[in-house]
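**Student:** build me a structure from this.
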Amino acid sequence: MSPRGLISVLRGRGAIRLAGGHLSKLTPYPVQARADELLAQSLPLTEDAVTKTVAEAAQSKDFKFHKLAIPVRVADGILEIRRASFRDGEATVRMEGFIDLNKALVDSTWQMGVSSDRRQKGPPVKLTLAGPLRELGARPRTPAAEDFVRAILIRKMEGDITRLEGMNGKPAGPAPAKPAAAVPAKASVTWSASQQPAPAPKKPKRKKEEQPASVSATEPTQPKSFEQRMRDTLDNIGGSSAR
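**Tutor:** Below is the predicted model of the structure:
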């Protein structure tokens, strides 16, 4: 029957409305500029160096935001904030967290580099902030930027490879086309100054048309068949009887 006991049984949804303000030492703007500086360096990068650099950039300035409403959910003595978007018109700082209402402890994550027009160049840098609610602003911020650091290291490696190819005289673009195959040595012909051109081949003479052989008068006739001879004999007999 105490206020602390009442908190543990509260359930429901609501909203926290802010008319505007500023976040102390949280800003997304210098993050990309520091990332470009790291990519321009000739020395190799390490995960620790990139994490430290972007964490310092994300805490180098304050961030002014417009009015907003933060939806919240209360259950089992925990106030849950699934998403709170602090905007200034060009960039966004996004927060999600939990507040233990009995102990007044906060566990939150703040994302830097979330662009309002969705044109960000890399994953957002995350900072975790946890501790007592009244001391939250003075608590140390722990970077959780694994995705951002991995993206920077991959881009750095790709840039180093491109520069090495340029130093070796190799184009960074597609591979050049293969040269045409050379003519074999046995197929080459060497001409001397005194060599005469080969004579043109002669056209084959056209053969005269063969004339059909005339049938000679003395050409022997074919022998008559038996049937023909019998007919001739009968004709002779008939002619004799007629005479």
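**Student:** all strands for the chain, in order.
**Tutor:** Remark: strands assigned in the chain by DSSP state E are 12-18, 21-23, 63-65, 68-75, 78-87, 91-100, 105-115, 125-132, 142-143.
**Student:** what's the angle from the fifth one to strand 12-18?
**Tutor:** This means strand 78-87. 40 degrees (axes from the mean of the first three to the mean of the last three C-alpha atoms, to 10 degrees).
**Student:** again with the fourth one
**Tutor:** In terms of direction (the same axes, to 10 degrees), strand 68-75 departs from strand 12-18 by 150 degrees.
**Student:** outside of strand 68-75 itself, which residues are in contact with it?
**Tutor:** For strand 68-75, contacts defined as C-beta atoms under 8 Å, 6 or more residues apart in numbering pick out 10-18, 79-87, 101. The way it works is simple: take the backbone N, C-alpha and C, and place the C-beta from them, glycine included.
**Student:** in PyMOL, select just the buried ones from those.
**Tutor:** Here is the PyMOL selection string for the buried members of these, based on 16 or more other C-beta atoms under 10 Å:
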select buried, resi 79+81+84+86+87+101
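**Student:** ok so, going back, out of the strands of the chain, which gets nearest to Ala49?
**Tutor:** Ala49 sits nearest to strand 142-143 of all these, at 12.2 Å, using C-beta to C-beta.
**Student:** now the closest one: mean pLDDT?
**Tutor:** For strand 142-143, mean pLDDT is 86.
**Student:** likewise for stretch 146-162?
**Tutor:** Rounded mean pLDDT across stretch 146-162 is 77.
**Student:** can we start the residue count at 29 from this point?
**Tutor:** Got it, the first residue is 29 from now on, which makes the last one we talked about stretch 174-190.
**Student:** that stretch: which residues count as buried?
**Tutor:** Buried-residue list, stretch 174-190, by 16+ other C-beta under 10 Å: Phe176, Val177, Ala179, Ile180, Leu181, Arg183, Lys184.
**Student:** residues contacting the fourth one?
**Tutor:** Shown here is Ile180, whose contacts under the criterion C-beta under 8 Å, 6+ apart are Ala63, Leu66, Leu67, Leu73, Val78, Val82, Gly150.
**Student:** and with 7 Å instead?
**Tutor:** Ala63, Leu66, Leu67, Leu73, Val78 (C-beta atoms under 7 Å, 6 or more residues apart in numbering).
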